[in-house]
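Enquirer: structure of the sequence below:
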Amino acid sequence: MAKAIMVQGTMSNAGKSLIAAGLCRIFHQDGYRVAPFKSQNMALNSFITEEGLEMGRAQVMQAEAAGIRPSVLMNPILLKPTNEMGSQVIVNGEVLGTMNARDYYKYKKNLLPDIQKAYDTLSAENDIIVIEGAGSPAEINLKQDDLVNMGMAKMAKAPVLLVGDIDRGGVFAQLIGTVDLLEAEERAMVKGLIINKFRGDKSILDPGIVMLEEKSGIPVVGVAPYLQIQVEDEDSLSERFDRKQEVGILDIAVIRVPRISNFTDFNPLESISGVSLRYVKHPNELKNPDMIILPGTKNTMDDLRWLRESGMEAAILKEASKGKIIFGICGGYQMLGDTLSDPYGVEAGGTIRGMGLIPMDTVFAQSKTRTRVTGCFGSLTGDLAPLNGAALEGYEIHMGESTLKNGAAAATKIQDSVSGEEKADGAYCKNVCGTYVHGVFDREEVVEALLQVLGPKKGVDVSEMKGMDFAAFKETQYDILAEELRKHLDMKRIYEILEEGVTK
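Expert: All right, here's what the predicted structure looks like:
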């Protein structure tokens, strides 16, 4: 069985996912078979595997860093919030059902065998497992039946590295407070502390590190810097949303709906010199974009109501009437149609009027479409014609089925990689286009075709603006991550912790 090491944090967004990914990359570079694992993930960023199963995006990122293909074994439980009180529960890649928080809390111990089986299978196939926790292990109201932090560490007999976020302030209180709230047995499993997201002169921090080690009795195994690298974020705490972005030569506005999902779809667009990609919540933030994107959402009907009530829908329709390019993905695509109907109560129930930009109707089904696809854009006309023939690949993950009406034509031709079925996907009408395919912008060919749509329309030369092979680009980012962590973490001590486990 593999040796294990676990990365826990003092809070959400302390940097657990990134540290875990960096360790995966380092162990991979050092010649080990390594895999990530997170027993339970709560996120709206999900992914569909080659088998058509759904898992959290963070473990996909970590699998890429480890040089292996993603598997649902790496994330046996995924919770996708549908509203303030409930989540869709996905077990081993398939939907179990929707539960409110109290019911899930009572039920979750029934999932321990699924977690154990997934972990044991992964452990038998690898040399090292890098386990990621969730939130904080010191949530004392949630410690009973814990299966993602110290409960998981005990199950895997994994030594723990505890990560604190100095960028938010109070890192010493974070780390000491977390350690002090652990039971003695749990405290003994914490073998190293990591201060993360540090900016400045480390020598100024050194006296605090000495005191931290004295008070906790646990060594600090690294002070990781604040890294400006582009890897996929864990959840809606993403700093992308709060970043102030200057308007570029070409400006793309992504509407930040309340339940935005799979916003990793837009990472490739952020990497193009001369293109600004801004997440906007209010009509006054929209400004004068060259393209507006309606992203995926876990609750299409409620987010469409939010668009309407906030005034954002009226602002988008105004820009569409000017001929601006409007692009929808998954739930955002469904919003562009005439009607959305939910006869089975998958979301809010009933029927709601769409934005009316594409002649189509959407009906939510009881079963979820989950598959990977390959294909290309079809015979688009007018402003969208440069997209014709551009090859794409990605995945579908949706409950609704959309039916086109007169005036709309399919946007893409795709093949289901799981079933082999060939089908039309999405739709376009004049300057408005939509698709169910997540990852549609990952291919360099699609991005460059999109630049050819936007540039001439604005009257700017885009010949020097290039897309990129995003998969290759991510590889460089993982290498940078590993290089920086090797500089700032005591990898010799971390390897010793890995070898010693929790028996000493």
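
Enquirer: hang on, Met61 packs against Val231?
Expert: Yes. In this structure, Met61 sits in contact with Val231. The criterion is CB atoms under 8 Å, and the distance is 5.7 Å. C-beta: built from backbone N, CA, C; applies to glycine.

Enquirer: shouldn't Ile131 be in contact with Ala4?
Expert: Yes. Using CB under 8 Å, Ile131 makes contact with Ala4 at a distance of 5.9 Å.

Enquirer: what touches both of these two?
Expert: For the pair Ile131 and Ala4, residues contacting each of them under the criterion CB atoms under 8 Å, 6 or more residues apart in numbering are Ala156, Ala158.

Enquirer: what's the end-to-end length of stretch 285-304?
Expert: 18 Å (CA to CA, to the nearest Å).

Enquirer: where's Lys474 relative to Arg486, distance?
Expert: With the distance defined as CB to CB, to the nearest Å, Lys474 ends up 19 Å from Arg486.

Enquirer: the more surrounded of these two?
Expert: Neighbour count, other CB atoms under 10 Å: between Lys474 and Arg486, Lys474 has more, with 21 against 14.

Enquirer: helix/strand/coil for that one?
Expert: Three-state assignment for Lys474 (DSSP: H, G, I helix; E, B strand; the rest coil): helix.

Enquirer: please apply the same query to Pro207.
Expert: When classified by three-state DSSP, Pro207 comes out as helix.

Enquirer: and stretch 88-108, what's its mean pLDDT?
Expert: Averaged across stretch 88-108, pLDDT comes to 93.

Enquirer: strands of the stretch 251-400 of the chain, residue ranges please.
Expert: For the stretch 251-400 of the chain, the strands defined by DSSP state E, counting those that start in this stretch occupy 260-261, 275-280, 291-294, 296-297, 325-329, 339-342, 350-353, 360-377, 391-404.

Enquirer: so can I have TSV of those strands showing distance to Thr121?
Expert: Conversion of the strands of the stretch 251-400 of the chain to TSV gives the following (distance: least, CB to CB, whole Å):
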stretch	distance to Thr121
strand 260-261	28
strand 275-280	38
strand 291-294	38
strand 296-297	30
strand 325-329	33
strand 339-342	37
strand 350-353	43
strand 360-377	21
strand 391-404	23
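
Enquirer: would you reformat those as a markdown table and include mean pLDDT?
Expert: Formatted as a markdown table, the strands of the stretch 251-400 of the chain follow (pLDDT from 0 to 100):
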| stretch | mean pLDDT |
| --- | --- |
| strand 260-261 | 92 |
| strand 275-280 | 94 |
| strand 291-294 | 98 |
| strand 296-297 | 95 |
| strand 325-329 | 98 |
| strand 339-342 | 97 |
| strand 350-353 | 96 |
| strand 360-377 | 95 |
| strand 391-404 | 95 |
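
Enquirer: okay, these in a markdown table with distance to Arg33 and mean neighbour count next?
Expert: Listed next are those as a markdown table, based on distance: least, CB to CB, whole Å; neighbours: other CB atoms under 10 Å:
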| stretch | distance to Arg33 | mean neighbour count |
| --- | --- | --- |
| strand 260-261 | 32 | 25 |
| strand 275-280 | 36 | 20 |
| strand 291-294 | 39 | 25 |
| strand 296-297 | 33 | 27 |
| strand 325-329 | 35 | 26 |
| strand 339-342 | 45 | 18 |
| strand 350-353 | 49 | 14 |
| strand 360-377 | 24 | 19 |
| strand 391-404 | 26 | 20 |
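
Enquirer: of all the ones you listed, which lies closest to Val95?
Expert: Taking CB to CB, strand 360-377 is the member of the strands of the stretch 251-400 of the chain nearest to Val95, at 5.6 Å.

Enquirer: so what are the sheet partners of the closest one and their directions?
Expert: In the sheet containing strand 360-377, its partner strands are strand 339-342 (parallel), strand 391-404 (antiparallel), strand 412-416 (antiparallel), by DSSP bridges.

Enquirer: just the CA trace of the first one, in CSV.
Expert: Taking Å, rounded to 0.1, in the frame of the first residue of the first chain, the C-alpha atoms of strand 339-342 are listed here in CSV:
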residue,chain,number,x,y,z
THR,A,339,-38.4,29.2,-22.1
LEU,A,340,-37.0,26.9,-19.3
SER,A,341,-39.4,24.3,-17.8
ASP,A,342,-38.8,22.1,-14.8
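
Enquirer: run through who's touching that strand.
Expert: The set of residues that contact strand 339-342 without belonging to it, under CB under 8 Å, 6+ apart, is 300-301, 304, 334, 348-354, 361-364, 400.

Enquirer: buried residues in stretch 438-456, which are they?
Expert: By neighbour count, and taking 16 or more other CB atoms under 10 Å as the criterion, the buried residues in stretch 438-456 are 438-455.

Enquirer: and the strands paired with strand 360-377: which comes nearest Tyr495?
Expert: Among these, the nearest to Tyr495 by CB to CB is strand 391-404 (36.1 Å).

Enquirer: distance from that closest one to the middle of the chain?
Expert: 18 Å (CA atoms, centre = their mean, to the nearest Å).

Enquirer: picking up where we left off before, so Met61 and Val231 - more neighbours on which side?
Expert: Counted by other CB under 10 Å, Met61 and Val231 do not tie: Met61 has more neighbours, with 27 against 21.

Enquirer: just say helix, strand or coil for that one.
Expert: Here Met61 is recorded as helix under three-state DSSP.

Enquirer: contacts only, for the closest residue in space to it that isn't next to it in sequence.
Expert: Leaving aside its chain neighbours, Met61 sits nearest to Glu232 (4.6 Å; criterion: CB to CB, 6 or more residues apart in numbering). By CB under 8 Å, 6+ apart, Glu232 lies in contact with Asn45, Arg57, Ala58, Val60, Met61, Thr264, Asn267.

Enquirer: repeat that for Val254.
Expert: With contacts defined as CB under 8 Å, 6+ apart, the neighbours of Val254 are Phe263, Phe266, Leu277, Arg278, Tyr279, Val280, Ile293, Pro295.
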